[in-house]
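Novice: fold the following for me, if possible:
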Amino acid sequence: MGGAPQPLHQDVRFTRLASGSRLAWARSGHADRTRPVLLRTAHWMTHVEHDAVSPVFRPWLERLGRELRLLRYDERGCGLSGRDDVPLGLEASLEELQAVLDAAAEPRVALLGISGGAATAIALAARQPDRVSHLVLLGGYAQGLLRRQPSAEGLAYFEALVTLMRVGWGQADSAVQQFFSTRMVPDATPAQREALNELQRRSCDGARAAALLRARAEVDVRADLAAVRCPTLVLHAEGDGMVPAELGRELAAAIAGAQFETLPTRNHVPLPGDGAFERMCERVCAFVLDRGAATSGHYSARERELLALVAQGLDNLQIAAHLGLADKTVRNRLSQLYRRLDVDGRGRAVVRARELGF
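Specialist: Next comes the predicted model:
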């Protein structure tokens, strides 16, 4: 049958900030309470209720939710959350994140900081390390534009954007929203781009959008980076036109032990149909589930030897020659190893072996 898709199953709730304003948050994903929690910090334009039917973020929730429990929320003045007079900025964002953690009664979570939401995730990981198990940053940055000494032309361009947002944001078929959508996801389908336009329109009005843009441009968490001690994965679109990939590299270089990977896309956030989408989801789930953190002690000496050869990309005949085994024996041992690694073929086995440090 045709028609609109059924909404994603989720549990939408509200908590209160110190100002008394309501904060909307949602829970979805895997039903097993022993699974890790991945909490998406608030980023540019959210609406937790609309996410459940959005062609942009519903696929994210479905894919990541197959393996993880998910939490997300709308920052104040966006989506279902109320507005107050508290100045926007890092401290206000941290208050929102902490309020959701407390309301959800989750003592420790993995954080997913996307774009402008990366700063909030970094700050909490640095300042409250007991609450953060893993840190995943996608398209993020440590300093907003106004903290990076922009040129006079760059500053004028930014101020023009703020003005355009303030006066033209909430209009139907707004060219301003279309401009931002095109920059964020240049390779999106027309339907995906229109869905992002609609998400931005629903999230907040022009005055709030302009205030959020300025707050993002003024953020600076450089002082927090050296204090991050949890496992950290930094992902960045290699052709990102919103946040240059070099800013992602700077993030990874400043966080001790951080892993860095570029994604083969121009979209600021990977979308279904984009070749980077499934790769991103696989990396995030494997990282949070610690599939790449197992040590050699989890494997027998024979398995470790085989894993090391698989990680080198050797074929069956080469492995047989190294181990002095018959080809059939190697095939049998590889089949057992694939089941142990929970992969369905050589290519994924090579990736998983390297993730495990072999």
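
Novice: test my guess that Val310 contacts Arg333.
Specialist: No: applying CB atoms under 8 Å as the test, Val310 and Arg333 come out as separate, 10.3 Å apart. C-beta coordinates here come from the backbone N, C-alpha and C atoms, glycine included.

Novice: higher neighbour count, these two?
Specialist: Val310 (22 against 18; other CB atoms under 10 Å).

Novice: for the more buried one, phi and psi?
Specialist: Phi and psi for Val310, reported as degrees, to the nearest 10, are phi -60, psi -40.

Novice: with adjacent residues omitted, what lies nearest to it?
Specialist: Closest residue to Val310 apart from its sequence neighbours, by CB to CB, 6 or more residues apart in numbering: Ala353 at 4.7 Å.

Novice: so the one you found: helix, strand or coil?
Specialist: Classification of Ala353 by DSSP: H, G, I helix; E, B strand; the rest coil places it in helix.

Novice: right, and it touches Leu307 too?
Specialist: Yes: applying CB under 8 Å, one finds Ala353 in contact with Leu307, separated by 4.8 Å.

Novice: contacts for the longest helix along the chain?
Specialist: Assignment by DSSP state H gives helix 152-168 as the longest helix of the chain. With contacts defined as CB atoms under 8 Å, 6 or more residues apart in numbering, helix 152-168 is touched by 145-146, 150, 174-176, 179, 206-207, 209-210, 213-214, 217.

Novice: buried set for it?
Specialist: By neighbour count with 16 or more other CB atoms under 10 Å, helix 152-168 contains the buried residues 158, 161, 164-166.

Novice: so for stretch 28-36, mean pLDDT?
Specialist: If you average the pLDDT over stretch 28-36, you get 91.

Novice: ok, and what's touching that stretch?
Specialist: 8-11, 38, 52, 61, 64-70, 109-110, 133-134, 288-289.

Novice: how far does it sit from the chain's center?
Specialist: When distances are taken as CA atoms, centre = their mean, to the nearest Å, stretch 28-36 is centred 18 Å away from the chain's centroid.

Novice: then stretch 109-123?
Specialist: Put simply, stretch 109-123 sits 8 Å off its chain's centre (CA atoms, centre = their mean).

Novice: give the buried residues for stretch 252-261.
Specialist: Here stretch 252-261 shows 252, 254-255, 258-260 as buried, counting by 16+ other CB under 10 Å.

Novice: try stretch 326-337
Specialist: So, applying 16+ other CB under 10 Å, buried residues of stretch 326-337: 330, 333-334, 337.

Novice: repeat that for stretch 238-247.
Specialist: Buried, per 16+ other CB under 10 Å, within stretch 238-247: 239-240, 242-243, 245, 247.

Novice: pick the one among these closest to Glu96.
Specialist: For those, the minimum distance to Glu96 (CB to CB) is 21.5 Å, reached by Val243.

Novice: and the gap between that closest one and Arg249?
Specialist: 11 Å (CB to CB, to the nearest Å).

Novice: which residues do those two both contact?
Specialist: His236.

Novice: what ranges does the stretch 101-250 of the chain have for its strands?
Specialist: With strands called from DSSP state E, counting those that start in this stretch, the stretch 101-250 of the chain shows them at 109-114, 132-138, 232-237.

Novice: His50 and Arg202 touch, don't they?
Specialist: Yes: if you go by CB under 8 Å, His50 and Arg202 touch, sitting 5.5 Å apart.

Novice: so what sits against both of these two?
Specialist: Common neighbours of His50 and Arg202, using CB under 8 Å, 6+ apart, are Gly79.

Novice: all helices of the stretch 101-250 of the chain, in order?
Specialist: 118-127, 152-168, 175-184, 190-203, 206-218, 222-225, 245-254 (DSSP state H, counting those that start in this stretch).

Novice: what about the stretch 201-350 of the chain, any weak spots by pLDDT?
Specialist: 292-299, 301 (pLDDT under 70).

Novice: in three-state terms, label the residue nearest to Ala215 when sequence neighbours are not counted for me.
Specialist: Nearest residue to Ala215 in three dimensions, chain neighbours excluded: Leu88, at 3.9 Å (CB to CB, 6+ apart). The local conformation at Leu88, judged by three-state DSSP, is coil.

Novice: start the count at 12 instead of 1 going forward.
Specialist: OK, 12 is where the count begins now, so the last one is Leu99.

Novice: mind listing what's buried in the helix or strand hosting Ile330?
Specialist: Assessed by DSSP states H and E, Ile330 sits inside helix 327-334. Applying a neighbour-count criterion of 16+ other CB under 10 Å, one finds 330-331 buried in helix 327-334.

Novice: residues contacting it, please?
Specialist: So helix 327-334 is in contact with 316-317, 320-321, 325, 336-338, 340-342, 345, going by CB under 8 Å, 6+ apart.

Novice: give me the number of residues near Leu79?
Specialist: Using other CB under 10 Å: Leu79 sits among 23 other residues.

Novice: hang on, I meant Arg142
Specialist: 18.

Novice: then Ala222?
Specialist: For Ala222, the neighbour count with other CB under 10 Å is 17.

Novice: did I read that right, Arg277 in a strand?
Specialist: No: counting by three-state DSSP, Arg277 is not part of a strand but coil.

Novice: show me what contacts it?
Specialist: Counted by CB under 8 Å, 6+ apart, Arg277 has contacts 197-198, 248-252.

Novice: mind checking how far it is from Ala332?
Specialist: Arg277 is 43 Å from Ala332, by CB to CB.

Novice: ok, now Ala322?
Specialist: 17 Å.
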